[in-house]
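> Structure, please.
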Amino acid sequence: MNRNEKANPLRRWRRKQLADLWECSDRKVDRMARDGRLGEPAFRLGRTPLWTDEQRLAAERAGASEAA
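Numbers count the residues shown, from 1 in each chain. Have a look, this model is predicted:
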């Protein structure tokens with residue numbers, strides 16, 4: 001855990017970071033947001049959407065339940 005994670009426990013994820021984490025394309029992340037698995041971005045940095053850790057985990061659970 002680095003210093004930034006200790007200072008900010010609420011991690012925010014950009015679509016490219018989520019795509020890298022899940023080893024998929026950033027277009028798939030966009031589709032996940034549109035179909036409701038990821039939900040609307042919690043924050044925006046200019047025009048860049050940002051999702052929280054809770055949203056990421058919920059999307060992972062939704063993906064796991066669809067795969068089962």
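> which other helices and strands contact the helix or strand containing residue 27?
Using DSSP states H and E, residue 27 sits within helix 26-34. Secondary-structure packing of helix 26-34 (3 or more CB pairs under 8 Å, 6 or more residues apart in numbering; DSSP states H and E): helix 15-22. In this view, the C-beta of every residue, glycine as well, is placed from N, C-alpha and C.
> can you point me to the longest strand in the chain?
strand 48-52 (DSSP state E).
> Quick check, central residue of this protein?
Nearest to the mean C-alpha position of the chain, counting by CA atoms, centre = their mean, stands residue 56 at 4.1 Å.
> Make sure it is actually in contact with residue 18.
Yes. Counting by CB atoms under 8 Å, residue 56 does reach residue 18; the two are 6.5 Å apart.
> mean confidence score for the longest strand of the chain?
For strand 48-52, mean pLDDT is 94.
> what does it contact?
With contact meaning CB atoms under 8 Å, 6 or more residues apart in numbering, strand 48-52 is reached by 10-15, 18, 33, 38-39, 41-44.
> redo that, cut-off 6 Å
With contact meaning CB atoms under 6 Å, 6 or more residues apart in numbering, strand 48-52 is reached by 12-13, 41-43.
> swap in stretch 29-38?
For stretch 29-38, contacts defined as CB under 6 Å, 6+ apart pick out 15, 18-19, 59, 62.
> what do you get if the cut-off is 7 Å, keeping everything else the same?
Outside stretch 29-38, the residues within contact range by CB atoms under 7 Å, 6 or more residues apart in numbering are 15, 18-19, 39, 51, 55, 59, 62-63.
> Now the terminal residues of stretch 37-46, how far apart.
For stretch 37-46, the separation between the terminal residues is 23 Å (CA to CA, to the nearest Å).
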